[in-house]
Every structure is written in structure tokens, then in C-alpha cells.
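> the following comprises the amino acid sequence and a computationally predicted model.
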Amino acid sequence: MKSEAPLSRLDLNLLVALDALLSERSVSRAAVRLHLSQPTLSASLARLRTHFGDELLARRGNSYDLTPLGVRLAEHVPTVLEGARRVFEIEPDWDPSASTREFSIYMSDYGMATLAPIVARFSRSIAPDIRFRFLLHNPTIVDEATERLRTVDGIVLPHGFLSEVPYTDLWRDEWVVVASTEHPAAKTGLAFEDLAHASWAFSYQTRTAFTSASRQLQQLGLEPRLEVVVESFLAVPQFVVGTDRLAMVQRGVARLIERFEGVVVLEPPFEATPLSNALWWHPMYRNDPAHAWMRGVFVRAGELLMRELGDGAVVP
């Protein structure tokens, strides 16, 4: 059985070089990325090859491919590197007004257009040097959310996709229907029969990525005729205007896309289940005062967003 090498014998700086080499698959590009000379990074690659007993990068003509071990390492190194970065970000006395910490949060374009600007505004007023990195999630990231939460500070998702990880409730929203101003229902309002015969543009529609509204239509006995599936809420108007398609979006999104000419927002002809949005995060942050502060900022932002939606205000 191979004995474990003590950490004291390992040069953890090699993790940075390994991450760049595996992601760039080129010594020269990795050197540029790290602002190092090519001979310096070549020396790091040689040490890594000796340590792992593997080439890691195998030349294929004028380029390099990852070896099977390199592929396996590429799956783990970013997580380890991010974890190390977060360890050294821990401060003995958390003071948001003096901190330069960066928080990374996954969310949809819906969250970025409604909640994220309020979060940034709150943070800037009390912690001007803290940064937020808002990352756009997709169905793959949502499917892997439990693992992804090891490398980010959180993911904003409605209830129904994650379980067994901590969460902080943020805000509730409602579903509405978006149609072209040329659609007959724009003047008469929607009837339940209109939904059954309509063509639809859905935001997300796979086995694991869907909206609660689309699922509810099926539970009501409707099998919507899909013409368009788009992994964006804000892009919906482009696929509705000038057509007979319908789409369902959150009221928070509807208040933004009403600015588009040629679209109208209609109330659904059934009681749509409200959407409850939360910030999900990894248990390792349970006792992190900086993370607790960040969660508090999100809660305050969610409360303000709900008030703005209730007042009919357009979120900036």
C-alpha cells in the first residue's frame, strides 16, 4: 500500500501550475495565464510528472491531450484549489467594512435581473471592497449542485430541486403568462381551453430541469405543444412577439419584459403554485461569520424585492 506523503513535503504552489496546465493543455498558454516564463512552468510540469509517475500532457502532433490520469485530475484539482483559496480567506475577526472577500453565487438570468442588483447595492453601502461574482447556472450545474456547492458560496434555486443541504429562504414569486399583443387572448383574457390548444415557448424542459409552472400544466391534464425551449427567462419575449405562442414566466421577469413592444402579460386561468426561491449552501459554511453576513444580505435583498413586486415597481 502506497504511503501518504506528508503535506510538509508537498509544494502546494504546484496545485496552481497543475490547474493551469490541465485546463490550458499547453505549457505556453499556462505560462501566459500565470504570468510565468515558459521554462519555469516546464520545470513545474517535470516535477508534477515525477510526482504522479505520469506524463499528464501527451503530445498529439502540434497539440497536447490529457492522459487518462490527467483527465481524472482535471475533475478534482479546481475543487481542491478553490478549497485552499477559501481556507486562506478566513479572517480571525470578520469585519465586512474592511474585507476584500469575493462571494461566488450561481443563479439564473431571472435572479441576476431581479435579486442580484439589490444584493450588490446593499453590499456596496456597508462593505465597499467585497465583491460578488454572479455565475449563470444551467441544467448540468443544477444536476450537480450538491457537488458544485463545494466550490462556490451558494446557488439560488426554487425549492424542489435540492435537499439535504442548508438553505436560506429569500423571496416568493408568482407565475404569469406572456403572449403577443396580436394574440386573441390579449383582448379577451385567457381561458383554460386556450392553454390546451396553444403553442408554447418553455424555459427549460428536461427530466431534471423544468419550471414548476410547466409541471403544473401537466398535472392539470395538459400536455403543452412545445415549439421552443430556451434556457433563459429574459429571452422569452423574442420567441413570443408576433406569434401565437404562449409562455409562463415569473412576475418579477414579467415586469422587466413588459418593456418590450409587442408583448402582454396575462393572468393564468388557474391558480398557479407560487414559486419559493432560496439560497442553497454547503454545510461547511455553517459557522463561517462572513458567509452568515452574506446570507443576511441576500435575505434583506429578497425582502425588498418582494415589496417592490407587491408595489408593482420595476426592479432596477
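Cool, got the structure. Residues are numbered from 1 along each chain as shown.
> and the closest residue to residue 233 other than its chain neighbours, what helix or strand is that in?
By the measure of CB to CB, 6 or more residues apart in numbering, the closest residue to residue 233 outside its immediate chain neighbours is residue 110, 4.3 Å from it. Where C-beta positions appear, they are placed from N, C-alpha and C, glycine not excepted. Element membership of residue 110, judged by DSSP states H and E, is helix 109-114.
> just the buried residues of the helix or strand following that helix, please?
As assigned by DSSP H and E, the chain's next helix or strand after helix 109-114 is helix 116-126. By neighbour count with 16 or more other CB atoms under 10 Å, helix 116-126 contains the buried residues 116, 118, 119, 120, 122, 123.
> which residues does the last one contact?
The reference is to residue 123. 130, 132, 297 (CB atoms under 8 Å, 6 or more residues apart in numbering).
> using a markdown table, please lay out the buried residues of helix 116-126 together with pLDDT and distance to residue 279.
Converted to a markdown table, those look like this (pLDDT from 0 to 100; distance: CB to CB, whole Å):
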| residue | pLDDT | distance to residue 279 |
| --- | --- | --- |
| 116 | 97 | 12 |
| 118 | 96 | 13 |
| 119 | 97 | 10 |
| 120 | 95 | 15 |
| 122 | 92 | 14 |
| 123 | 93 | 14 |
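> what's the closest of these to residue 140?
The shortest approach to residue 140 among the buried residues of helix 116-126 belongs to residue 116, at 21.0 Å (CB to CB).
> pretty sure that closest one contacts residue 135?
No - the pair residue 116 / residue 135 is not scored as a contact, 10.6 Å apart, by CB atoms under 8 Å.
> re the thing from before, wait, the residue nearest to residue 233 sits on residue 234?
Yes - taking CB under 8 Å as the contact criterion, residue 110 and residue 234 are neighbours in contact, 7.3 Å apart.
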